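Chemist: Here is a sequence together with a model predicted from it:
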Amino acid sequence: MSSSRIVVPDSSVLLKWVLESHDEQDRGKAMEIRNAWLSGVLTIVVPHSWYFEVGNVLGMKQPALAAQFMEILTQYGFEEEPAGNVYRKAFDLMKRFNVTFYDAAYHSVAISRSGTMITADDVYYRKTSRAGHISLLQDWKSD
């Protein structure tokens with residue numbers, strides 16, 4: 001079954017797929033997204049920069065397991081949006097909402113693909129929600 005529902009999980013969501021700790025709220029919802037994608041219910045697309053952002057966090061939070069966790073995530077083989085389709089809109093989002101390029105890159109993919117960026121980053125969400133194509137992980141409903 002092919003799906004037209006496109007989801008762009010940002011690093012805060014992808015990290016929950018491998019990090020199990022008390023400070024990882026809504027991990028169950030993140031796993032629902034992963035399971036829906038693996039079963040073909042939705043399509044996941046990410047910016048190429050996901051690899052560097054997630055790798056940075058893993059290296060800082062779990063240095064002993066970072067390589068193992070990164071291997072798990074890279075083996076998923078996410079569809080990556082070409083950089084040329086991302087950076088102009090990302091710069092626009094940065095300018096309009098005073099956010100980082102890293103965060104704006106995920107949002108840019110969601111906008112360009114008419115999908116939804118899913119984030120656990122409440123601050124980013126509050127700053128940019130009026131741009132559309134974004135939802136908080138805590139509000140995720142697998143329908």
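Modeler: Looks like it arrived, so ask away. This is a predicted model, so every value here is computed, not measured.
Chemist: Please list all residues in contact with the nearest residue to residue 27 once chain neighbours are set aside.
Modeler: Leaving aside its chain neighbours, residue 27 sits nearest to residue 16 (4.6 Å; criterion: Cβ to Cβ, 6 or more residues apart in numbering). The way it works is simple: take the backbone N, C-alpha and C, and place the C-beta from them, glycine included. Each residue near residue 16 by Cβ atoms under 8 Å, 6 or more residues apart in numbering is listed here: 24, 26, 27, 30, 31, 120, 137.
Chemist: remind me which residues of this structure are low pLDDT?
Modeler: By pLDDT under 70, the low-scoring segments of the chain are 1-4, 21-24, 143.
Chemist: Strands along that one, start to end?
Modeler: Along the chain, the segments classed as strands by DSSP state E run 6-9, 43-47, 79-81, 116-119, 134-136.
Chemist: Neighbours of the closest residue to residue 93 other than its chain neighbours, how many?
Modeler: Once flanking residues are discounted, residue 93 sits nearest to residue 104: 3.9 Å by Cβ to Cβ, 6+ apart. By other Cβ atoms under 10 Å, the residues close to residue 104 number 27.
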